[in-house]
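Novice: Please work out how this folds:
(one chain, ligands or ions: 2)
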Amino acid sequence: LSEKLQNVFAGLKGKGSLTEADIDTAMREVKLALLEADVNFKVVKEFVASVKEKAMGAEVMSSLTPSQQVIKIVNSELTELMGGVNSKLTYSPSGFTVLMMVGLQGTGKTTTSGKLAAWLKQNGKKPMLCACDIYRPAAIDQLEVVGQSVNTPVFTMRDCKDPVKIAKAARKEAEIKGYDVLIVDTAGRLQIDEELMDELADIKKEIKPHEILLVVDALTGQDAVNAAVGFNEKLGIDGIIMTKMDGDSRGGAALSAKKVTGKPVKFIGMGEKMDALEPFHPERMASRILGMGDILSLIETAEAAYDEEQAKKLEKKLKKNQFTLEDFLEQMGQIKKMGGLGKLMGMMPGMGNAGIKDEDIEKGEKEFRQMEAIICSMTKEERNDPKILNASRRKRIAAGSGQPVSKINNLVKRYEEARKMMKQFSKPGAKLPRMFRGM
Ligand code: GDP
Ligand code: MG
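Specialist: Ligands and ions are numbered 1, 2, ... in the order given. As a prediction, the model looks like this:
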């Protein structure tokens, strides 16, 4: 596939904007890749149409061919589609969280319950498991074995034939004994049926889970998607756990399930062992679904080269003392692209990841948006020469961007600081430290 694409566009790098023909050629390959990955046909059709719209007229980076540019757009759209909010477990603010595992038979509910307990323990939680699958006698034994292997107590009521009662009693016990997460393993069926849905709805009503996690088997492709739709309509789910991703599935079901239910994939199962559970990474899944690892890494390299080119331009500007507010904004945008200052710091030796929280990253994003709004409200003259920003100009910009004047003052101050810092590095002979060059 990649070779075919490379050949078609060999030598056609950086040729301006994407045309409809460029997009169609690349999209044919993308469509095939998606269908091969078992992405739902309707989802593919919709996705291709929306990407096409976004890609039309997009600029082709100087180091990429048009089809690589299209695939770059496809990849980031796929990532976006599967990402988004709520992809993490939400814990109850009360400090006691109930997770209810649901799904068809054999998808991996019981195994995943154990894996989740292990994962929670690793993340400083104190979980308890609860066996609510009363239909197969071996099901309770299985959860007990699983519980033992991850050192987590399992609540059972072997003589009770009422899963609602069991779940209720488990909840009470877990709270009294000071556990902070209760994982309720439930029964499955081969297919969605009313009886099962009623039972699950009754458990839900009684124990009010904070998250209902649907376990689906990636290898079943379209069946997994149908299960997601059914469970979400009849019961309401909060997230999806996709198991058996260690098999040969490309994981297209993950994309379809998210797209048709709007509910995020939160974890993937990567094997039968108790440590084979990973939080979901949309970007990894996107490249798995596309199956274009080679092209994607090629694009990454090209992008890095592009950034280098930008950095050189910036250095030149600095040397001529022409670092404008627009350059400043672009610089901040680059930092954001690289995953925020937090991530950048995390990559530096000795800094570790300590103290960098998602909230910080979100805060950074918001700040960036505000800065962008402010700079957009300036005239070209002002952007190029912020020294002319007197009080009345600042007031006008504040009104235009919907930000208080203090934010504008703050922005100008930060710009000045950045300019000073960059000027230091632009003295004859000095080079920007490697770390700042991509900025
Ligand atoms: P349940 O009926 O939904 O409770 O499913 P089980 O937890 O009993 O799992 C059914 C089978 O799938 C078992 O043999 C598990 O070992 C296997 N299984 C579960 N998750 C995974 C996974 O992520 N990868 C692989 N390879 N097997 C898994
Ligand atoms: Mg089970």
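
Novice: Off-centre distance for stretch 182-192?
Specialist: Stretch 182-192 sits 27 Å away from the centroid of its parent chain (Cα atoms, centre = their mean, to the nearest Å).

Novice: That one near ligand 2 at all?
Specialist: No: under the criterion of Cβ under 5 Å from the ion, ligand 2 is not reached by stretch 182-192; the shortest gap measures 6.0 Å. Where you see a C-beta, it was placed from the backbone N, CA and C, and this is true even at glycine.

Novice: for that stretch, which positions count as buried?
Specialist: Applying a neighbour-count criterion of 16 or more other Cβ atoms under 10 Å, one finds 182-188, 192 buried in stretch 182-192.

Novice: Flag the shaky bits of the stretch 51-200 of the chain, pLDDT-wise.
Specialist: Along the stretch 51-200 of the chain, segments meeting pLDDT under 70 span 84-86.

Novice: what residues does it put near ligand 2?
Specialist: 109-110.

Novice: For the stretch 51-200 of the chain, which segments count as helices?
Specialist: Using DSSP state H, counting those that start in this stretch, the helices found in the stretch 51-200 of the chain span residues 66-82, 109-122, 137-149, 163-176, 194-207.

Novice: Save the ones you listed as JSON lines, and put in mean neighbour count and distance to Leu255 too.
Specialist: JSON lines is the format used below for those (neighbours: other Cβ atoms under 10 Å; distance: least, Cβ to Cβ, whole Å):
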{"stretch": "helix 66-82", "mean neighbour count": "22", "distance to Leu255": "6"}
{"stretch": "helix 109-122", "mean neighbour count": "23", "distance to Leu255": "20"}
{"stretch": "helix 137-149", "mean neighbour count": "17", "distance to Leu255": "29"}
{"stretch": "helix 163-176", "mean neighbour count": "18", "distance to Leu255": "32"}
{"stretch": "helix 194-207", "mean neighbour count": "16", "distance to Leu255": "25"}
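
Novice: For my notes, please list the ones you listed in CSV and give distance to ligand 1 for each entry.
Specialist: As requested, those are exported to CSV (distance: least, Cβ to the nearest ligand atom, whole Å):
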stretch, distance to ligand 1
helix 66-82, 18
helix 109-122, 3
helix 137-149, 6
helix 163-176, 14
helix 194-207, 12
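
Novice: So which of these is nearest Lys259?
Specialist: Nearest to Lys259, of all those, is helix 66-82, at 6.4 Å by Cβ to Cβ.

Novice: residues near the residue nearest to Asp180 when sequence neighbours are not counted, how many?
Specialist: Computed as Cβ to Cβ, 6 or more residues apart in numbering, the closest residue to Asp180 that is not its neighbour in sequence is Lys126, at 5.1 Å. By the criterion of other Cβ atoms under 10 Å, Lys126 has 15 neighbours.

Novice: can you pull the contacts of Lys126?
Specialist: By Cβ atoms under 8 Å, 6 or more residues apart in numbering, the residues touching Lys126 are 178-181.

Novice: Of those residues, which is the most crowded?
Specialist: Val181 leads those on contacts (other Cβ under 10 Å) with 26 neighbours.
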